[in-house]
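Visitor: sharing a model that was predicted from the sequence below.
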Amino acid sequence: MTWDRRTFIAGTGAGVAGMLAGCVGGDDGSGNGDDGGNGNGNGNGNGNGNGNGNGNGNGNDDPMQVGMVYATGGLGDQSFNDMAHEGIQQAQEDLGLEFRNAEPDAPADVGELQRNFARSSDPDFALICCIGFVQETDLVENATDFPDQNWMIVDAVASDDDGPLDNVASYVYREHEGSFQVGVLAGMLTGMDYSHGGGSTNTDEQMVGFVGGQEIPLIERFEAGYRAGVQHVDAEIGFTSAYAGDWNDPATGQEIATGMYDDGADIVYHAAGGTGAGVFEAAQSEGRYAIGVDSDQSRSAAEFSDVIVASMTKRVDTAIYESANNAANDSFQGGQINDLGLAEDGIGTVIGQDFEGELPAEITAELETTKQSIIDGDISVPDNLDDL
């Protein structure tokens, strides 16, 4: 089975999502009461939250509230959304804030979920975090309608004809830089006789693959950087890619990746959210390797750690934490565009936990060299497929 780069397998939509309660901690003395309680926190912080999640730790000041609207695909993707969730959980632990989650079933849901948080007065949300590019259009409208509300968005810039909106902090990433790095790793590894963990390379052929979620410019940026990294190693290495058309379809991810491995690919890199779990399934079944995305997926998807040789990390957690911390300290940076890549540690490459110290030294040395070359501007990484 041969998979062309433009293979597109349509996904299916889900129903309308609602706002989840939960998202506040337990009775640990920190005042982070659970959402199902009926009483307010007492003076020493040992009470449960009330029906709105408003437990407080000191009996006087209510904790800051944050609303989280996730990308379609939802929590449990072991990747993009879960990284955002880790960020707000860390902020809760460090800052004593509370938060509510909302998971849209489809892009059409995000506008109303944003408005639900903005309209709320009990609790009153000091910050609303919008995770994913699909929220941009609705956010521009809602941020304009609620000018006193602080917002942040990941993977887009909220702006109008006058420029970035002054009540929205925007975070964008140079994913192509980190993707170049894992492309270098994949390109070098496919040219070696290598066996470790649950996989090995096919010495008869040098080939790598890429599986995307939806075929959009953002995900093509991952592919472009990855492909450029492979070409940096050797322009003759075989390359194949396909798009699943869905962020939460592991079965399709597995089908696509299995075809790639059967055609000779040694390593497949995914930028497909929850669909990527299927890529890991295929790698394990076929005795080949995979590269994760957004989080260190050798840990977040630890059942596949024996085949996840590395992950391209995208620090969405840091963006969430920074925004929450700024809001908590009355230093919210609305109107600012935060452009994060290798130099800012917004993007990186993490070797899988089962492969630490087990990759050939020439690979890890080359990763350090190319990273510095990208930061210094000596390597210019393309951010779209037309520039390859």
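Guide: Yep, it's here.
Visitor: can you show me the helices along this protein?
Guide: All helices of the chain, identified by DSSP state H, fall at 80-95, 110-119, 136-145, 175-190, 217-233, 250-262, 276-286, 297-300, 316-328, 361-376.
Visitor: restricting to C-alpha, output the fifth one in CSV.
Guide: Below are the C-alpha coordinates for helix 217-233, written out as CSV (Å, rounded to 0.1, in the frame of the first residue of the first chain):
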residue,chain,number,x,y,z
PRO,A,217,-1.0,25.4,6.9
LEU,A,218,-0.2,24.9,10.6
ILE,A,219,0.3,21.2,10.3
GLU,A,220,2.0,21.5,6.9
ARG,A,221,4.6,23.7,8.8
PHE,A,222,5.4,20.6,10.9
GLU,A,223,5.8,18.6,7.8
ALA,A,224,7.9,21.2,6.0
GLY,A,225,10.4,21.4,8.8
TYR,A,226,10.6,17.7,9.2
ARG,A,227,11.1,17.1,5.6
ALA,A,228,13.8,19.8,5.4
GLY,A,229,15.6,18.1,8.3
VAL,A,230,15.6,14.8,6.5
GLN,A,231,16.9,16.4,3.3
HIS,A,232,19.6,18.1,5.4
VAL,A,233,20.9,14.6,6.1
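Visitor: now do it: which elements does it pack against?
Guide: Secondary-structure packing of helix 217-233 (3 or more Cβ pairs under 8 Å, 6 or more residues apart in numbering; DSSP states H and E): helix 175-190, strand 207-212, strand 238-243, strand 267-271. Just so you know, the C-beta spots here come from the backbone N, C-alpha and C atoms, and that holds for glycine as well.
Visitor: hang on, the earlier thing: make JSON lines out of the helices of the chain and add mean neighbour count.
Guide: Formatted as JSON lines, the helices of the chain follow (neighbours: other Cβ atoms under 10 Å):
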{"stretch": "helix 80-95", "mean neighbour count": "21"}
{"stretch": "helix 110-119", "mean neighbour count": "20"}
{"stretch": "helix 136-145", "mean neighbour count": "19"}
{"stretch": "helix 175-190", "mean neighbour count": "28"}
{"stretch": "helix 217-233", "mean neighbour count": "24"}
{"stretch": "helix 250-262", "mean neighbour count": "22"}
{"stretch": "helix 276-286", "mean neighbour count": "25"}
{"stretch": "helix 297-300", "mean neighbour count": "22"}
{"stretch": "helix 316-328", "mean neighbour count": "23"}
{"stretch": "helix 361-376", "mean neighbour count": "15"}
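Visitor: among the ones you listed, which is nearest residue 127?
Guide: Nearest of the helices of the chain to residue 127, taken as Cβ to Cβ: helix 316-328 at 4.3 Å.
Visitor: including mean pLDDT, could the helices and strands packed on helix 217-233 go into CSV?
Guide: Formatted as CSV, these follow (pLDDT from 0 to 100):
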stretch, mean pLDDT
helix 175-190, 98
strand 207-212, 98
strand 238-243, 98
strand 267-271, 98
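Visitor: of all the ones you listed, which one is nearest residue 349?
Guide: Nearest to residue 349, of all these, is helix 175-190, at 4.3 Å by Cβ to Cβ.
Visitor: pull the CA atoms of the closest one into PDB?
Guide: Extracted C-alpha coordinates of helix 175-190, given in PDB (Å, rounded to 0.1, in the frame of the first residue of the first chain):
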ATOM      1  CA  GLU A 175       7.100  24.300  15.000                       C
ATOM      2  CA  HIS A 176       9.100  24.000  11.800                       C
ATOM      3  CA  GLU A 177      12.400  24.500  13.800                       C
ATOM      4  CA  GLY A 178      11.700  21.600  16.200                       C
ATOM      5  CA  SER A 179      10.400  19.500  13.300                       C
ATOM      6  CA  PHE A 180      13.700  20.100  11.500                       C
ATOM      7  CA  GLN A 181      15.500  18.600  14.500                       C
ATOM      8  CA  VAL A 182      13.500  15.400  14.600                       C
ATOM      9  CA  GLY A 183      13.800  15.200  10.800                       C
ATOM     10  CA  VAL A 184      17.600  15.200  11.200                       C
ATOM     11  CA  LEU A 185      17.200  12.400  13.800                       C
ATOM     12  CA  ALA A 186      15.000  10.400  11.600                       C
ATOM     13  CA  GLY A 187      17.200  10.900   8.500                       C
ATOM     14  CA  MET A 188      20.300   9.800  10.300                       C
ATOM     15  CA  LEU A 189      18.600   6.800  12.000                       C
ATOM     16  CA  THR A 190      17.100   5.400   8.800                       C
END
